[in-house]
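In: The following block contains a protein sequence and its predicted model.
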Amino acid sequence: MNDQKISPYCRNLRTKKYFSAPHPPRNAEELLEASGHCWCRVTGHAVGEDGEVCDPGDCIKGRTCFVAFGAVTG
């Protein structure tokens, strides 16, 4: 399956709303709640593994630390 159809966002991008979502987020409205706060699951901070800020507009395919939903990692 095309990873972009599952979600355009990195699977390590987190928000409070992420934990109650019924499926991987397909757009920013399904991901963000009122505060707009995001963090990286790997670093535990608002900065990703590449040292850049976590944000739905940035945590997408093409970023060096991006991991697609459904991707197998080792």
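Out: It's in. Numbering: from 1, shown residues only.
In: And the helices in this structure, which stretches?
Out: Counting by DSSP state H, the chain has helices at residues 3-6, 28-31.
In: and of those, who's closest to Ile60?
Out: Across the helices of the chain, Ile60 has its closest neighbour in helix 3-6 (9.3 Å, Cβ to Cβ). All C-beta spots, glycine's among them, are computed from the backbone N, C-alpha and C.
In: mean confidence score for that closest one?
Out: Throughout helix 3-6, pLDDT has a mean value of 66.
In: and what of stretch 38-46?
Out: Mean predicted confidence for stretch 38-46 is 97.
In: start to end distance for it?
Out: One end of stretch 38-46 to the other measures 6 Å (Cα to Cα, to the nearest Å).
In: Might you quantify the distance of it from its chain's geometric centre?
Out: Counting by Cα atoms, centre = their mean, to the nearest Å, stretch 38-46 is centred 9 Å from the centre of its parent chain.
In: buried sites along that stretch?
Out: Cys38, Trp39, Cys40 (16 or more other Cβ atoms under 10 Å).
In: Show me what the last one bridges to in the sheet.
Out: This points to Cys40. Under DSSP bridges, the beta-bridge partners of Cys40 are Leu13.
In: For it, which residues are in contact?
Out: Shown in contact with Cys40 (Cβ atoms under 8 Å, 6 or more residues apart in numbering): Asn12, Leu13, Arg14, Ala46, Val47, Gly48, Glu49, Cys54, Cys59, Cys65.
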